[in-house]
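Asker: Provided below are the primary sequence and the corresponding predicted coordinates.
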Amino acid sequence: MPIRELPPHLVNQIAAGEVVERPASVVKELLENSLDAGARRIDIEVEAGGTRLIRVRDDGQGIPADELPLALARHATSKIESLDDLARIATLGFRGEALPSIASVSEFRLISRRRGEPAGHEVAAADGIVGMQRPAAHPEGTTVEVRELFARTPARRRFLRAERTEFQHVQAMVERLALSRFSTGFRLTHNRRVILDLQPAADRAGRERRIADLAGEEFLQSALHIEREEGGIGIAGWICRPSFSRSQPDLQHLYLNGRAVRDRMLASAVRSAYQDVLYGGRHPAYVLHVEMDPERVDVNAHPAKLEVRFRDPGRVHDFVRRAVEAGLALTRPGATQSADVPPGSPAPAAFAPVARSLFDGGAGAVAEAVERYASFVAVQPGEAVATPASAPAGVLGTAVAQLHGVYILSQTSRGLVLVDMHAAHERVMYEKLKREQANGGASQAFLVPQVIEMTQREADILDSQQELLASLGIGMQRIGPSTVAIRSAPTVLAGADFSSLMRDWLSDWTDAGASRRVEECVDTALATAACHCAVRANRQLSITEMNALLRAMEATDRADQCSHGRPTWVEVTMADLDRLFLRGR
C-alpha cells in the first residue's frame, strides 16, 4: 500500500484506543475535566453499565461559547501553552485528546455555560463529525453526554464485559477519584438508581466519613492517620494496621498531586515499610496522598497517566518509606491512647532490673536471662509472687497468670488481655537489635574476599555507589573492568550469598534509583536472631517477669505484631464477656 495521510476521523478512532478502553475510561476522563474546572459537585448518570449512556454534570467554571467547537478538536487544550508548561503540569488532563477521541466512538453532546454568562451553548458530534453550535438552557457549569459507546465500532464493543461488570469498573473509578478530592461532592446513579451520594468534606472528620463509606468501617477503625513534610515533599493519609491486611492489593489508593497513580516505586516504598509487621503473602491497605513540586515529576510517561517518572526517585522512595514506618511505629499497645511513652523509651523504673535482664541484653545474654530473674527480683524459684497494689498497669494491665506455658493472662480496666509471650518478646528483642544495628552494628572483614563477576555496566554502578554501600556496612572494591570484591559486610550477614544480593541490589537501583535489599537482609537476620533468643513455650515466668514484658511491649514500636507479622496480643473487653454470658438480657 502507498504511504498516505489518514483521515481525521480514523486518527481520532485510533487515538480512542489509547484513551477509551471501556466505559470506566470515559468516566475517568470526564471527571478529571470536571475536577480541573474547579467543580464542587459532580453528578454521574450511567445506563447499561455505561454503554447506553454516560452523563457527567458539574458546577465548574464552564467553557466560553466561542471555545466549545475547539473542545472537540484534537490537541486543543487550555491547560498548557508551551514546553515549559509541560514540565510543571498541575492539572489532571492536559493533552486535549479525550473529548475528540470519545466523540469519535459515540454519540456525543457537550453543553456548557461559563460562570457569569447569561446563557449556555451546546455542540454535538456523531462518529467524530461535529455539528453546529447552538444556544441551550443550562446552569453554570458543564454537562457531557456520551450515548451508544462503540455502537458503530462493533469490534471494540465485542471486547466489553457484561453490564454488571462494566458498571463495577465505573463505580471503582468514581470511588478512586472521590478519594482524591474530598472537597468535591459526587453522586453516581446507575439505571436511575442512586449508588453513591458523597457530600463535600471540609475537615478530617468529613474525610474519614467518606473513607468509611468507600473503603468500609473496618478500614477506618484499623487506620492510622499520618502526615509528614520534608524537603519539599509531603505525605498525608491513612495506613491500616497490619491486622487489617488483605489477600490482594484491592484497598491500596495512592495519589500524587491529586492524581491517582499505580507507581511501582511508590508502592514498593510502602511495602518495604510494612515488611516486618505483615504476615507473609498479605497486602497492606492504605489511602495516601503525596504532594511535591510538579517540576520534579513527569506525569506524561503513560497514555492513561497512571505511571509517572521522578527526577529523584531514590529520595522520594526513602521519604515515603520512612513516613509510613513512623506511622506503623504507633502499632503498639496504648500508642493511640497516650503519647506519654515515646518510641524506644525504656521500661518503667519499677521494673528496670527485670527489663534490663530480659530485654536489654545481647543475643548471647538472653538465653540465660530467665534463670537470672530470681536474683534480680529477690524471689526464690517456685515462690509465689504477689502482685503489688501499686504495680504500674498500662494498657496491657497487670499479669494474673500464665496459661499452658504459652500465654500471659492480664487484667485491665477494660477487661482482660491475652499475650503470646514468645511473639511479644521476639518483637521487643528485634527492635532492640535493630536499634543497635542502626547505631553502628559490628562489621566483619573477610579473610578471603568474595569475588563477583558481572557486566562492566553493573560494575560501574557499584563503583559509583561505594560510599552508599559502605554506609550499609558493605566494603566493596573494584578489581577489574567487570569484577568486584566484597571485603567486609555486617556481621549478621556472615555466610550470605553476596553475588545474588548485589545483583538484586543492582536490579532495584537500575529500576527505581533506590534499593533496600541489604537492609532487608540485615533485618531478616536480626528477626531470626530475635526469634531464637525469645523466651520459649513452657518457660515458667513469675508475675513480676510477666509484668516486665507487658511494660516493655507498651514502650516498643510495632509491638502489636512479632517480626513475622503474627499478632502478639488480643483484648477481650467486659462488654464482650457480658455478651458471651448473656448478662443484662
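Answerer: On my side now, so go ahead.
Asker: Can you pull out the low-pLDDT segments for the stretch 51-200 of the chain?
Answerer: Counting by pLDDT under 70, the stretch 51-200 of the chain shows low-confidence ranges at 86, 95-96.
Asker: can you rerun that using 90?
Answerer: Along the stretch 51-200 of the chain, the parts satisfying pLDDT under 90 run over 66-106, 115-118, 126-132, 150-161.
Asker: Now do the strands in it.
Answerer: With strands called from DSSP state E, counting those that start in this stretch, the stretch 51-200 of the chain shows them at 53-58, 107-113, 120-126, 129-130, 134-136, 141-147, 185-190, 193-198.
Asker: worst-scoring helix or strand of this protein, pLDDT-wise?
Answerer: Here the helix or strand of the chain ranked lowest by mean pLDDT, DSSP states H and E is helix 352-359, holding a mean of 31.
Asker: can I assume R311 is in contact with R296?
Answerer: Yes. In this structure, R311 is within contact of R296 by CB atoms under 8 Å, at 4.7 Å. Just so you know, the C-beta spots here come from the backbone N, C-alpha and C atoms, and that holds for glycine as well.
Asker: What count of nearby residues applies to the residue nearest to T165 when sequence neighbours are not counted?
Answerer: Take T165 and drop its neighbours on the chain: the residue closest to it by CB to CB, 6 or more residues apart in numbering is G49, 7.4 Å away. For G49, the tally of surrounding residues (other CB atoms under 10 Å) stands at 24.
Asker: what sits against Q444?
Answerer: Taking CB atoms under 8 Å, 6 or more residues apart in numbering as the criterion, Q444 is in contact with 488-491, 494.
Asker: which of those count as buried?
Answerer: Taking 16 or more other CB atoms under 10 Å as the criterion, what is buried in the contacts of Q444 is 488-490.
Asker: Pick the one among the residues you listed closest to Y430.
Answerer: Minimum distance to Y430 across the buried ones among the contacts of Q444 is 15.6 Å, recorded for P490 (CB to CB).
Asker: how deep is the nearest residue in space to that closest one that is not next to it in sequence tucked in, by neighbour count?
Answerer: Leaving aside its sequence neighbours, P490 sits nearest to G473 (CB to CB, 6+ apart; 4.0 Å). Here the number of neighbours of G473 (other CB under 10 Å) works out to 21.
Asker: OK, contacts around G473?
Answerer: G473 is in contact with 441, 443, 488-490, 493, 518, 522, counting by CB under 8 Å, 6+ apart.
Asker: L468: how many residues sit nearby?
Answerer: Per other CB under 10 Å, the neighbour tally for L468 reads 15.
Asker: Which of the three states applies to it?
Answerer: With DSSP: H, G, I helix; E, B strand; the rest coil as the basis, the three-state label of L468 is helix.
Asker: For burial, what's the neighbour tally of R193?
Answerer: 7.
Asker: again with the one 4 residues further on
Answerer: Close neighbours of D197, defined as other CB under 10 Å, add up to 12.
Asker: That one - nearest residue in space that isn't next to it in sequence?
Answerer: Of all residues not flanking D197 in the chain, R187 sits nearest, at 5.0 Å (CB to CB, 6+ apart).
Asker: got the contact list for that neighbour?
Answerer: 41-44, 194, 196-198.
Asker: bridging residues for I233?
Answerer: Beta-bridge partners recorded for I233 (DSSP bridges): E230.
Asker: Contact partners for it?
Answerer: Listed by CB under 8 Å, 6+ apart, the contact set of I233 reads 290-292, 315-316, 319.
Asker: Could you look up the SS state of A575?
Answerer: Under three-state DSSP, A575 falls in the helix class.
Asker: Quickly note the distance from it to E81.
Answerer: A575 sits 62 Å away from E81, going by CB to CB, to the nearest Å.
Asker: Those two: which has the busier surroundings?
Answerer: The residue with more neighbours, out of A575 and E81, is A575; 12 against 9, by other CB under 10 Å.
Asker: what's the burial count for the residue nearest to the more buried one when sequence neighbours are not counted?
Answerer: Nearest non-adjacent residue to A575, counting by CB to CB, 6+ apart: G415, 7.7 Å away. For G415, the neighbour count with other CB under 10 Å is 16.
Asker: and the gap between G415 and L580?
Answerer: Using CB to CB, we find G415 at a distance of 11 Å from L580.
Asker: Surely the residue nearest to T165 is within a helix?
Answerer: Yes. With three-state DSSP as the criterion, G49 is part of a helix.
Asker: correct me, but it touches Q171?
Answerer: No. If you go by CB under 8 Å, G49 and Q171 don't touch, sitting 10.1 Å apart.
Asker: Could you pull out the residues contacting both of the two?
Answerer: With CB under 8 Å, 6+ apart, G49 and Q171 have common neighbours H190.
Asker: Show me just the buried residues among the contacts of I233.
Answerer: Buried by 16+ other CB under 10 Å: 290, 292, 315-316, 319, out of the contacts of I233.
Asker: what pairs with the closest residue to R109 other than its chain neighbours across the strands?
Answerer: Among residues not flanking R109 along the chain, E145 sits closest, at 4.1 Å (CB to CB, 6+ apart). With DSSP bridges as the criterion, E145 is bridged to R55, R109.
Asker: still on that earlier bit, so which of the contacts of R187 is the closest to V20?
Answerer: I44 (16.3 Å).
Asker: neighbours around that closest one, how many?
Answerer: Counted with other CB under 10 Å, residues neighbouring I44 total 26.
Asker: how about the helices in the stretch 1-150 of the chain?
Answerer: In the stretch 1-150 of the chain, the helices defined using DSSP state H, counting those that start in this stretch lie at 8-19, 23-36, 68-71, 83-86, 98-103.
Asker: Which among those is found nearest to A212?
Answerer: Closest among the helices of the stretch 1-150 of the chain, using CB to CB: helix 23-36, at 21.6 Å.
Asker: what separates that closest one from the chain centre, distance-wise?
Answerer: Distance of helix 23-36 from the chain centroid (CA atoms, centre = their mean, to the nearest Å) equals 24 Å.
Asker: how far off strand 53-58 does it point, in degrees?
Answerer: Taking axes from the mean of the first three to the mean of the last three CA atoms, to 10 degrees, one finds helix 23-36 and strand 53-58 inclined to each other by 10 degrees.
Asker: tell me which element I211 falls in.
Answerer: helix 204-215 (DSSP states H and E).
Asker: avg pLDDT for that helix?
Answerer: Regarding helix 204-215, the rounded mean pLDDT is 94.
Asker: re earlier: need the strands of the stretch 51-200 of the chain in JSON lines (columns: distance to P567).
Answerer: Below are these laid out as JSON lines (distance: least, CB to CB, whole Å):
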{"stretch": "strand 53-58", "distance to P567": "45"}
{"stretch": "strand 107-113", "distance to P567": "54"}
{"stretch": "strand 120-126", "distance to P567": "58"}
{"stretch": "strand 129-130", "distance to P567": "61"}
{"stretch": "strand 134-136", "distance to P567": "60"}
{"stretch": "strand 141-147", "distance to P567": "49"}
{"stretch": "strand 185-190", "distance to P567": "36"}
{"stretch": "strand 193-198", "distance to P567": "34"}
